[in-house]
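Novice: Just to be clear, the model below is a prediction. Sequence and coordinates:
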Amino acid sequence: MLVGRVQEFINALESIKDKLSEDDKALLNDFQEKYSGRFDPKAEEGTSDPLFPLELDSPLNEDDLAWIRACFARRWKNIADKEDDYTFYPGGVNIPWISLAKDLAAELKIPYLLVLIPTLKNQVDPDKLSRLEQAPDTRAIFLSDDGVWHRVLGLLEHLQHGKGQLATYDMAKQFRPRALTLNELYRIRSKRGEDLAFQLKNEHYSSFWNYVLRLIAPNWQRRGDCPTHLLPSLLDIIESYYDAAGREPKDFTEFQKCLKNFSIALSACSLEDINHFYGIPIDFGDKKRSYLIEILLDCMQNTEDLHDKLAAVAKWLCQFDPTLVGKHEKLQPLYQSLKVGNYFEVAQLCELVQALELNDTDPLKPEIDQLVQRLRGEDEIKPEIIEQIKQIYALRWKSIIDTPNDYTRRQDRPNRSWIHLARHLASAGYIHPNYYRLLIPTLQMDKDLVTQELFTIYPLSHLILSDNGTKLILAQHLIDHHKANGTFYQCSEHPPCPLTQKELARLAFAAPRYPDYFIRVVETEPEPGISVKTVEAVRELVNGTLNPVGLLLGYDISATQLDTADKAYAKFLEFIAGLEQTELDRLFKQRISFRTKRLSVATILQKIQHKFDDDDRGCIAVYGQYFLQLVLDYNPQAEFRKEIEKDDRIEIDSLRRVSAKKVYREYDEIDEQEANRRALIIFVSLMTHGFSYLPFTSTSLRIWDKSNNVPDSNCIDLFNTLSSFVEKGDVKQSRFTYASVMENIVKKAAAANDFLTSWTRYNDTLEWWKSIENQSIFAKENNTCFEPEQLFTVLWSLSSKRQFKSRMLIENFLEQIVQTSLQPKNPQLKWARINIEFNKLLGSVPVEDRAKMLEELRKESAPVSSDQFLKANREFLIHRLASCGAREGCKRRIGLFGANPGAFKLFYQELTEKLKEEMFIGSIKSLMGTLQKKIEKLAVSKLQSDSMLEYLQKLSTTITAQPSPEKGVTIEDEHVAMELALA
């Protein structure tokens, strides 16, 4: 770009100087000083001796370009959200700036909008996924509050396909859209120009905003609810305006601050609720009507007709809810005309009482008729009348609580008239401002503990009556607490606590969003594990409280059993009282499926602790079965006292079979993949460790074609558990299996110090158990088990650098990997066999080769890809096949003294090249098939091809399992005899 282009820009601004703002004039002056001439910085103060003027055809350097961009940034800061905002109108004083921006952008190879609006954050529109350079006009975009730009066209398309919801996305491919804020809608409405008009379905619209108001806004109230908790703040905005307008000079700073805070609070509501609020129709005089969003946007601009518009909003507020009356003197004539607040009179009370909905058979009808007659003869509202009204409401509440006509279930007919009367009485000061106390006389709390706001700002559909009827629970807090802490706790108490069974039942009748969240999110989320110590405390509770006799209808347990149960329960309550809050929350969240029912621990404890005269109180023995199932869900092998284990009424074996297989909290940090790795490492170690044992005391363990001798019954238990896990290949149970092995076998074996164990167990066996217990066996520096793909690729790369003996051993092991991979077994069993073979290889190679292999395998590296693994397989198999063919070829070329130097190498190279040609593979199995076809077509002797085909056939041979008499375990008679003798 040349200096002449900047001079053109300066001349363009000069020609419209009388239309420029003071900020634009300052920018023009800066351009003139910099580019209309050069000044000597050393000249005396007060002089301006010009140096040579800049040549018009001089190119601008990088500093010049940076300075100009800084000027654009300065101007954007001055005009954003004001009349000269580029996104409002590109004409007028903006024309020279936009023209220069386009030329500068071409020079910098960036979208021109980035020059005009340097604060833009995104390159792609989140709604339409179009790029910034595709915006044809500055008005084609609008800015969100966080600086992200959006295409207006994207909004239009979303409206046409999104059920009329005015919404946008904060980022591309975001799952949920959000409502537009007041600022964003203000920016959309502020766009101007006749060329914004468009036609859609034969309808003419002057602008996108005109389209929204005419076609979309009328449908907003069909979805969502009015966010009533914000209506008091809306009333504050109205009063703030009248305060500001009544001052001289007028100062709307506080008014705009109120509006800004309101906008922030509104943006926290749901999309449907916000649009519902925007679409509230407000009636003016002369049959005029406007949507609330239009009036709010007028507030942002401080339009001249705000006085009448806000008065109309104040009228709507007190008609919607008579408690929403302001104190400002400018509003009092309105309230006086409507007879609300302090202007509420006995005539209005009589009308509202007469309007109370009752059917002809309602027992309250005589009471209502009597009250109406009395009111007709009164000229003021006396305290005795209010008391009579309270008695009527109290009688009605007793008849409708937890029925379809409960106030928290229905706010329309027949309850609307009762609620409306209560609001009028509270507004006039005849009853407590918390008029819910009139509706529900048992209430004792007026304010929400979290927000410290009156409950009456929230709709009754968003509130749940507490179990004892003295408090209201704001349902939104349940969701907020769950999102923040993972617990669906109510916050009307301190500390927060779970809902009772009765409160959960009442939740089902709240606004749909709340039970929907509970069913969709809370009920389906995985339960967090509880600690081993907590499960053991529950087991002790079961041992003390679960008496089979108590399960029989009409039978009571003995006084001794009752005393034991009380002590066990008291001990358990003392235990949970000392639990940290996180563990207590986890315990309360445990859901237990017993027979056909599913209850949480929190619900069970609440039922057990109900008062004796409460019909909902639960039997400790009955709920003891649930706690029994909870213990078995974590540990199906857990043992209980004899009566529980043997009694047919409990059927403990069937409960063990339906264990939920939950995992203790101590294993939270171990995912399924890591647990699977650890379980397999333990199993491989069990099958390869060289255990020491006394003569005639070993047991032979066998799986597939592998076996090992172990010294004691703990090893047998470990084998039985892990071999079943490996053979089933159920990776989803890895965490449960690993935790069960650690808690029920490993820790007990490591801690065993009975006489038989002390006398027969060698120290190396104890150290082996301890290495599993302290998890050192899994440490990187001790690891000798690896993924088969990693083993193959690493060892193949090392084999050529090893001595002949090690190379042959490695190649034989690689053959084992190929052969095992081709077997029709599950991946876990293959993994175990390959690593058993690898551990045997480690014991066969020289020490330095073993160290080198482990060093390479233990290096941190990315997982081996399938392509890398297959490539190594191809190279290895070609190498082995070429070696087989070369050996047969050498037998046919015997030279002097029975040798032919160099023949093997020549045959090997020739066969390798032929086998490499056109190799396309997808798996080891397909690789084997491809190689077989190539061998059959090779121009080699029959002996050579037979030798190579025989090698492939050997690799494809099924690996047969060793005969195993009893689930893979062979126990020598001498072992049994020895144990019996020692016992």
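Specialist: On my side now, so go ahead. Residues are numbered from 1 along each chain as shown.
Novice: ranges for the strands of the stretch 351-500 of the chain?
Specialist: 463-465, 472-474, 489-490, 497-498 (DSSP state E, counting those that start in this stretch).
Novice: and those strands as CSV, adding mean neighbour count, mean pLDDT and distance to Glu789?
Specialist: Backbone N, C-alpha and C define where each C-beta goes, glycine included. Listed next are the strands of the stretch 351-500 of the chain as CSV, based on neighbours: other Cβ atoms under 10 Å; pLDDT from 0 to 100; distance: least, Cβ to Cβ, whole Å:
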stretch, mean neighbour count, mean pLDDT, distance to Glu789
strand 463-465, 25, 96, 56
strand 472-474, 24, 96, 55
strand 489-490, 22, 90, 47
strand 497-498, 19, 88, 48
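Novice: So for Ile293, which of these sits nearest?
Specialist: In terms of Cβ to Cβ, the element of the strands of the stretch 351-500 of the chain nearest to Ile293 is strand 472-474, at 26.9 Å.
Novice: List the contacts of that closest one.
Specialist: Outside strand 472-474, the residues within contact range by Cβ atoms under 8 Å, 6 or more residues apart in numbering are 436, 440, 443, 445, 448, 450-451, 455, 458, 462-466, 490-492, 499, 503.
Novice: Go again with 10 Å.
Specialist: With contacts defined as Cβ atoms under 10 Å, 6 or more residues apart in numbering, strand 472-474 is touched by 229, 408, 434, 436, 440, 443, 445-451, 453, 455-456, 458, 460, 462-467, 480, 490-493, 499, 503, 506-507, 510, 514.
Novice: roughly how far is that strand from the heart of the chain?
Specialist: 26 Å (Cα atoms, centre = their mean, to the nearest Å).
Novice: Likewise for stretch 402-421?
Specialist: The answer for stretch 402-421 is 37 Å, by Cα atoms, centre = their mean.
Novice: And stretch 83-97, by the same measure?
Specialist: Using Cα atoms, centre = their mean, the offset of stretch 83-97 from its chain centre is 43 Å.
Novice: Quick check: buried residues in that stretch?
Specialist: 84-90, 93-94, 96-97 (16 or more other Cβ atoms under 10 Å).
Novice: Just give me the closest of those to Glu527.
Specialist: For the buried residues of stretch 83-97, the nearest to Glu527 is Thr87 (50.5 Å; Cβ to Cβ).
Novice: Find the nearest non-adjacent residue to the closest one, please.
Specialist: Thr138 (5.4 Å; Cβ to Cβ, 6 or more residues apart in numbering).
Novice: same deal with Gly279?
Specialist: Here the residue nearest Gly279, using Cβ to Cβ, 6+ apart, is Trp220, at 2.9 Å.
Novice: How about Leu331?
Specialist: Here the residue nearest Leu331, using Cβ to Cβ, 6+ apart, is Ala314, at 5.6 Å.
Novice: tell me which element that neighbour falls in.
Specialist: Element membership for Ala314, per DSSP states H and E: helix 306-320.
Novice: need the next SSE after the helix or strand containing Ala750, C-terminal direction.
Specialist: Using DSSP H and E, Ala750 falls within helix 747-751. Where DSSP H and E defines the elements, the next helix or strand beyond helix 747-751 is helix 755-760.
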